[in-house]
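Trainee: Sequence plus the predicted model coming up.
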Amino acid sequence: MAAAAAGLSWRRVSSFTGPVPRSRHGHRAVAIRELVIIFGGGNEGIADELHVYNTATNQWFLPAVRGDIPPGCAAHGFVCDGTRILVFGGMVEYGRYSNDLYELQASRWLWKKVKPQAPSTGSPPCPRLGHSFSLYGNKCYLFGGLANESEDSNNNVPRYLNDFYELELQHGSGVVGWSIPVTKGIMPSPRESHTAIVYCRKDLGVPKMYIFGGMCGCRLNDLWELDIETMTWSRPETKGTVPLPRSLHTANVIGNKMYVFGGWVPQSAGGEISTHDGEWKCTGSFAYLNLDTTEWIGLISDCQEDKSNLLPGPRAGHCAVAVGTRLYIWSGRDGYRKAWNNQVCCKDLWYLDTEKPPAPSQVQLIRATTNSFQVKWDEVPTVEGYLLQLHADSPVPSAAGTPGTGVPETSVLSSQGGSSLHQSPQSLPGVPCPEMKVDHPSQANNVIPDNVQLSLSSNSLLKIEGKEKVAAPENKITQETMKNHADATGFKESNAPSLLPVCTSSPQTSANVGELHDLDKRTVIPDASVSSTVSSTQTMRTSQRQMAPVKSRERQWYDVGIFKNSSAVVSQFYLLPEETLNASNKMEDADVPDYRLLKKQDLFPGTVYRFRVAAINGCGVGPFSKVSEFKTCIPGFPGAPSTVKITKSVDCIHLSWEPPASPSGNILEYSAYLAIRSTQLQENPNQLVFMRIYCGLKTSCVVTAAQLSNAHVDYTSRPAIVFRISAKNERGYGPATQVRWLQDMKTSSSK
């Protein structure tokens, strides 16, 4: 027990914004992505507001709900199906019990009262509280609870229930009706304030519901299992120490574990539990049941003292919800005796990371200069920060004819693949530096000291404060800088493909610069007068390959720093002592050093650097991402065109872009390319062939329907049409900006 508890790292959330809900008990919570949605509960009256906590921004808010808004309730059923939430039963005003069913469409914050059909045999569920309401597939399972035998709500005649109902849901919205399944085996005894969870083991695929504890005149700690496919009840044999009997506790599934926290437990006297359960207390005990082995593991005991306030205090009637692999606990009643005047409600919010975070996506390049990189990576949910590391190669010669580092041919949504441009017989200058501007606001890059609490920010998938933010759009553009665009003189004015030079390839270096849901509604319209496109077909080829894995001992990884957000501007890295360096190379979860004691090293021009990033949460540093490889630029060449826009017309699309910086004279011309279908692609799907569709001085061009009909749809990640745009000055062509125009590939056969 002590060893298990020592590995826990509970965090109390002490910094948040927005209207914090008043403390309460008997409330319920569900999670939709990073949002925790809380409804109901009581504390000096039943609460009827819907509160939302954004775990990524540490912000509370009250959404503007509408429709058939339900009355406040407590000890109700509360489940989430996608972005739909169902509320059943509970105690409402004046102590009355309810059997009403409400549906909330959280994408619109729209309430609707629904009326399911009654069972074909038997009566619908009676009004109740303290029942369990669990979702699996398109069905909700209702078990037990407490009913009032008296029609007078002021004259409570309690009746414990063990009835079992199934509620079939319609897809998206609405319900079909109640049914009473025919079950086998001995049913659990009547109870209320128990917990029920559904777990489906990956290798067996048999969904099972587990009921634990509850109240039926005395507290219970029995475990029941229902095989949902065969509707068979059983009492599984367990190993380990079973938690004390309890009610008003919480149970949440994360991975293959059911985490049980808190609740009312019998007051023990001299180590013996009172048989009659005459006295009871709140507990802060914490344990989990391994659902694959049915073994109980105690993490925090009932008698464990917490003088340093590093653990959530004892409570009952709280809410607990899993966001990814992180468990959140909020409010609840605190009390040690049955006397009501000794009970208060907790106001605190806690979370526990139950395992290390997964590896982030590969580091992606947004912009490179002669001595810095602006990089980003995809956010990992529920993390406190990111450890970014680099490995430096020896400087690459910048003499003429030496190509630089190639950049991959994958979108921001993919974490695999790289690209290499085949070398031309011509000897060309070194690679210039890309200067890509990103449409979204840049994020702060300060290294976070070790003693500062980290927090994340991310978009919500729901409408918040009247603004709708949509995650993972189906149609958008992504932009990335492609180094080693060849000088235009290297192209042949013929139908034969011209090959562009490159020396090495690297993983993905894309930067998401915009989202395109409806091209006809774009507000940015390019110049209407566009130079004519080049008539002759000019092509270039790229191929994708994965970097060969390099053993960690062959590389010396240096810390760039710990970053709060998923982006960074890198111009220096820390030089570690030799003994620390060797340890960090061998162990991915080595302790982070005190950066204030370390020397810094600036980045060099024309040098290849490899990057990797790991996420950090309360369990420590997670595994590192796949390695990305970028090269600092060589002065003189133009940067990459930036802020690429795509606007759709009836029979064509318009490309427009912003001019790049040009250290050596004015921009002489631009070239735009389109990835096209070819027999080479059929033989090698990882090899892209590009046709030049524009060459001129304008910063915009038209792509005709005829040209688009020949476009290759790249399926490296999401389906996309790929464009490249580059600029030329007196020293030659600079790096190309690659744009992936994501396509919504809906087939006619879809229903």
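Mentor: Structure's in. What do you need?
Trainee: and residue 215, how many neighbours does it have?
Mentor: Using other Cβ atoms under 10 Å, residue 215 has 23 neighbouring residues. C-betas here are computed from N, CA, C, even on glycine.
Trainee: before we move on, what about residue 74?
Mentor: Residue 74, neighbours per other Cβ under 10 Å, totals 22.
Trainee: do you know how far the closest residue to it other than its chain neighbours is from residue 75?
Mentor: Spatial nearest neighbour of residue 74, excluding adjacent residues (Cβ to Cβ, 6 or more residues apart in numbering): residue 26 at 3.5 Å. Distance of residue 26 to residue 75, computed by Cβ to Cβ, to the nearest Å: 5 Å.
Trainee: shared neighbours, those two?
Mentor: Overlap of the contact sets of residue 26 and residue 75 (by Cβ atoms under 8 Å, 6 or more residues apart in numbering) consists of 91, 317.
Trainee: who has more neighbours, the two?
Mentor: A direct count of neighbours by other Cβ under 10 Å for residue 26 and residue 75 places residue 26 higher, at 28 against 25.
Trainee: so who does the more buried one touch?
Mentor: So residue 26 contacts 40-42, 74-75, 91, 317 (Cβ under 8 Å, 6+ apart).
Trainee: right, and residue 261 touches residue 320 too?
Mentor: Yes: Residue 261 is within contact range of residue 320, at 5.8 Å (criterion: Cβ atoms under 8 Å).
Trainee: Can you pick out the residue with more neighbours from those two?
Mentor: A count of neighbours by other Cβ under 10 Å puts residue 261 above the other of residue 261 and residue 320, at 27 against 23.
Trainee: List the residues that contact the more buried one.
Mentor: By Cβ under 8 Å, 6+ apart, the neighbours of residue 261 are 249-250, 284-286, 312, 318, 320, 327, 329.
Trainee: Name whatever forms a beta bridge with it.
Mentor: For residue 261, the beta-bridge partners under DSSP bridges are residue 250, residue 286.
Trainee: where's it relative to residue 319, distance?
Mentor: Taking Cβ to Cβ, one finds residue 261 at 10 Å from residue 319.
Trainee: and the nearest residue to residue 609 once chain neighbours are set aside, what does it touch?
Mentor: What sits nearest to residue 609 in space, not counting adjacent residues and going by Cβ to Cβ, 6+ apart, is residue 390, at 5.0 Å. Listed by Cβ under 8 Å, 6+ apart, the contact partners of residue 390 are 557-558, 560, 570, 573, 609-612.
Trainee: Residue 386 too?
Mentor: 360, 377, 380, 562-563, 566, 613-616.
Trainee: 10 Å instead?
Mentor: Shown in contact with residue 386 (Cβ atoms under 10 Å, 6 or more residues apart in numbering): 357, 360, 363, 377, 379-380, 448, 454, 456, 560-568, 613-616, 621-622, 625.
Trainee: Run a quick neighbour tally on residue 235.
Mentor: Residue 235 has 12 nearby residues by other Cβ under 10 Å.
Trainee: Please list all residues in contact with it.
Mentor: Counting by Cβ under 10 Å, 6+ apart, residue 235 makes contact with 185-186, 188, 222-225.
Trainee: Residue 219 now?
Mentor: 191, 193, 213, 244-249, 263-266, 273-274, 277, 280.
Trainee: repeat that for 8 Å
Mentor: Here residue 219 is in contact with 213, 244-247, 264-266, 277, 280 (Cβ under 8 Å, 6+ apart).
Trainee: Just list whatever residues bridge to it.
Mentor: For residue 219, the beta-bridge partners under DSSP bridges are residue 215.
Trainee: now residue 87
Mentor: Assigned bridge partners for residue 87, using DSSP bridges, are residue 78, residue 102.
Trainee: do you know how far it is from residue 120?
Mentor: For residue 87 relative to residue 120 (Cβ to Cβ), the value is 25 Å.
Trainee: neighbour-wise, which of those two wins?
Mentor: Legend: neighbour count by other Cβ under 10 Å for residue 87 and residue 120, higher for residue 87 (23 against 9).
Trainee: Who are the contact partners of the more buried one?
Mentor: Per Cβ under 8 Å, 6+ apart, neighbours of residue 87: 39-40, 70, 73, 76-78, 101-104.
Trainee: And residue 600, by the same measure?
Mentor: So residue 600 contacts 572-575 (Cβ under 8 Å, 6+ apart).
Trainee: most surrounded residue in the residues you listed?
Mentor: residue 573 (22 neighbours).
Trainee: Now that one: closest residue in space that isn't a chain neighbour?
Mentor: Nearest one to residue 573, counting by Cβ to Cβ, 6+ apart, is residue 558 at 4.4 Å.
Trainee: number of nearby residues for the one you found?
Mentor: A count of neighbours around residue 558, defined by other Cβ under 10 Å, yields 21.
Trainee: what do you get for the one 4 residues further on?
Mentor: By other Cβ under 10 Å, the residues close to residue 562 number 21.
Trainee: ok, now how distant is it from residue 375?
Mentor: 15 Å.
Trainee: just to revisit the earlier point, overlap in contacts, residue 261 and residue 319.
Mentor: 250, 329.
Trainee: any idea which of the contacts of residue 87 is the one closest to residue 49?
Mentor: Distance to residue 49, by Cβ to Cβ, is smallest for residue 39 among the contacts of residue 87, at 8.0 Å.
Trainee: Tell me the bridge partners for that closest one.
Mentor: Assigned bridge partners for residue 39, using DSSP bridges, are residue 28, residue 50.
Trainee: Over to residue 133?
Mentor: residue 142.
Trainee: How about residue 558?
Mentor: residue 390.
Trainee: Mind pulling the model confidence for it?
Mentor: Turning to residue 558, the model gives it a pLDDT of 93.
Trainee: Can you give me the distance of it to residue 362?
Mentor: Distance from residue 558 to residue 362, by Cβ to Cβ: 18 Å.
Trainee: Most neighbours of all the contacts of residue 87, which one?
Mentor: In the contacts of residue 87, the most neighbours by other Cβ under 10 Å go to residue 73, 31 neighbours.
Trainee: Show the contacting residues for that residue.
Mentor: 39-40, 46, 48, 87, 89-92, 98.
Trainee: Determine which two of those are furthest apart.
Mentor: Taking Cβ to Cβ, no two of the contacts of residue 73 sit farther apart than 48 and 89, at 15.3 Å.
Trainee: Which of these two has more residues huddled nearby?
Mentor: residue 89 (26 against 15).
Trainee: from what I can see that one touches residue 76, true?
Mentor: Yes: contact criterion Cβ under 8 Å: residue 89 and residue 76 qualify, at 5.4 Å.
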